[in-house]
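Enquirer: what's the 3D shape of this:
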Amino acid sequence: MNMITTPILILFSLILILSTIFIVKQQSAAIIERFGKFNSVRGPGIQFKIPFVDRISGRLSLKILQLDVVVETKTSDDVFVKLKVSVQYRVVDEKVFDAFYKLDYPQDQITSYVFDLIRSQVPKMKLDDVFSKQDDIAVAVKQSLGDAMEEYGYFIVKALVTDIEPDPEVKKAMNRINAADREKTAAQYEGDAARILIVEKAKAEAESKRLQGQGIADQRREIAKGIEDSVGTLGAVGINSQEASALIVVTQHYDTLQSIGQETNSNLILLPNSPQAGSTMLNDMVAAFTASSKIGEAMQEKNRSDSEPAPQPSGGGSIVDEIIDDLEAEEEGAE
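Expert: Coordinates of the predicted model:
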């Protein structure tokens with residue numbers, strides 16, 4: 001008999017112990033009722049209760065919970081819009097009794113308050129105001145919910161308007177408006193850049209022309225100085241200024257023809273087209289050959305004075321005369 005009752009007593013004692021001890025998790029609370037009446041609130045850790053007398057009526061989480069509520073309403077400018085409101089709430093530690101016994105479904109209660117507030121506030125605003133004042137809407141939701149849920153032992157931590165979605169057609173229209181504004185801004189920036197480029201280019205061209213003109217002026221001064229030196233040198237050997245000028249002009253003329261011939265890409269020669277051009281050119285050439293002949297005679301005279309006279313080729317001056325006669329004949333034939 002004892003062998004039978006002993007295991008039963010051990011088993012009964014074990015069940016009694018297990019029904020006496022219970023554990024409450026961190027950030028949670030347990031509601032203990034005795035004979036169906038509220039007895040106490042137990043916090044985290046190992047707790048004890050009277051078996052068959054006390055029972056755990058329920059448990060509440062003390063963590064921060066979040067509820068997302070989507071509300072559809074209409075703005076003052078007749079645009080249907082959906083707002084997503086996220087509400088963060090928790091049970092107040094000192095009001096676990098109220099949270100457990102006064103309100104069965106806190107999510108439904110919070111949802112009802114959010115619906116009521118959003119549908120009373122948003123219809124007073126235009127669509128643009130809804131976007132710009134979403135923080136104000138969230139503050140109003142938090143304040144209204146906080147006052148209402150405090151009675152039930154809940155604290156509203158935060159309320160956020162996380163999404164605002166207008167009607168699809170309105171959304172497309174807004175996208176077109178935004179795209180047009182961006183294109184307008186881009187066009188303005190491009191126009192400003194083009195104007196700056198034109199101004200800078202004009203400045204660069206003006207500076208280039210100024211430097212080019214300065215270079216041309218310097219070149220002409222050097223040419224004039226060279227011509228002046230050349231005329232002075234020719235005058236020293238008995239050549240007057242007119243003959244010297246003609247000689248310089250003819251020399252530059254042939255130098256120019258030579259440089260044009262050396263340029264493989266040059267295929268254009270500009271000649272004077274006035275009626276007197278041929279006669280003028282002929283006179284210049286005659287004067288140039290005359291000056292050249294005088295220079296040659298002066299050099300020969302100098303050489304004879306420095307050394308023994310060298311034999312001169314017969315008809316040395318006749319070559320110039322023949323060239324002059326040929327040019328005069330060509331001019332008469334052209335006339």
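Enquirer: what residues go with each domain of this protein?
Expert: 2-61, 65-166, 169-227, 237-260+274-304+320-335 (automatic domain parsing).
Enquirer: model confidence over the last one, on average?
Expert: Domain 237-260+274-304+320-335 shows a mean pLDDT of 60 in the predicted model.
Enquirer: again with the first one
Expert: For domain 2-61, mean pLDDT is 86.
Enquirer: Repeat that for the longest one.
Expert: When the per-residue pLDDT values of domain 65-166 are averaged, the result is 91.
Enquirer: what about that domain, how long is it end to end?
Expert: 28 Å (C-alpha to C-alpha, to the nearest Å).
Enquirer: Export stretch 28-46 to CSV, keeping only CA atoms.
Expert: What follows is stretch 28-46 as a C-alpha-only set of coordinates in CSV (Å, rounded to 0.1, in the frame of the first residue of the first chain):
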residue,chain,number,x,y,z
SER,A,28,5.7,42.1,-19.4
ALA,A,29,3.2,41.9,-16.5
ALA,A,30,1.0,39.2,-15.2
ILE,A,31,-2.5,39.7,-13.7
ILE,A,32,-3.3,37.5,-10.7
GLU,A,33,-6.9,36.9,-9.7
ARG,A,34,-8.1,35.1,-6.6
PHE,A,35,-11.4,33.4,-6.8
GLY,A,36,-12.2,35.4,-9.9
LYS,A,37,-11.3,38.8,-8.3
PHE,A,38,-8.3,40.9,-9.1
ASN,A,39,-5.5,40.3,-6.6
SER,A,40,-2.2,41.7,-7.9
VAL,A,41,0.1,42.6,-10.8
ARG,A,42,3.3,40.6,-10.9
GLY,A,43,6.4,41.9,-12.6
PRO,A,44,9.3,40.1,-14.3
GLY,A,45,11.0,37.1,-12.6
ILE,A,46,10.0,34.0,-10.5
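Enquirer: which one of the domains of the chain is the most hemmed in?
Expert: domain 65-166 (a mean of 17; mean count of other C-beta atoms under 10 Å). In this view, the C-beta of every residue, glycine as well, is placed from N, C-alpha and C.
Enquirer: can you list contacts of the host helix or strand of Phe155?
Expert: Assessed by DSSP states H and E, Phe155 sits inside strand 154-166. Outside strand 154-166, the residues that touch it by C-beta atoms under 8 Å, 6 or more residues apart in numbering are 64, 68, 79-92, 95, 99, 103, 106, 127, 130-131, 134-135, 137-139, 141-142, 145-146, 149, 171, 174.
Enquirer: For the protein, just list every one of the strands.
Expert: Ranges of strands within the chain are 21-24, 28-34, 37-42, 45-48, 54-61, 65-74, 80-91, 154-166, based on DSSP state E.
Enquirer: what about the helices in the stretch 151-300 of the chain?
Expert: For the stretch 151-300 of the chain, applying DSSP state H, counting those that start in this stretch gives helices covering 168-235, 241-262, 277-306.
Enquirer: Also compute the angle for the longest one relative to strand 80-91, please.
Expert: Right, the one you point to is helix 168-235. 110 degrees (axes from the mean of the first three to the mean of the last three C-alpha atoms, to 10 degrees).
Enquirer: and stretch 208-226, average pLDDT?
Expert: The model assigns stretch 208-226 a mean pLDDT of 78.
Enquirer: swap that for stretch 179-195, sorry
Expert: 84.
Enquirer: And the contacts of that stretch?
Expert: So stretch 179-195 is contacted by nothing (C-beta under 8 Å, 6+ apart).
Enquirer: As CSV, the strands of the chain with distance to Leu11 would be great.
Expert: Listed next are the strands of the chain as CSV, based on distance: least, C-beta to C-beta, whole Å:
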stretch, distance to Leu11
strand 21-24, 16
strand 28-34, 25
strand 37-42, 27
strand 45-48, 20
strand 54-61, 21
strand 65-74, 41
strand 80-91, 39
strand 154-166, 44
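Enquirer: So which of these is nearest Gly226?
Expert: strand 154-166 (83.9 Å; C-beta to C-beta).
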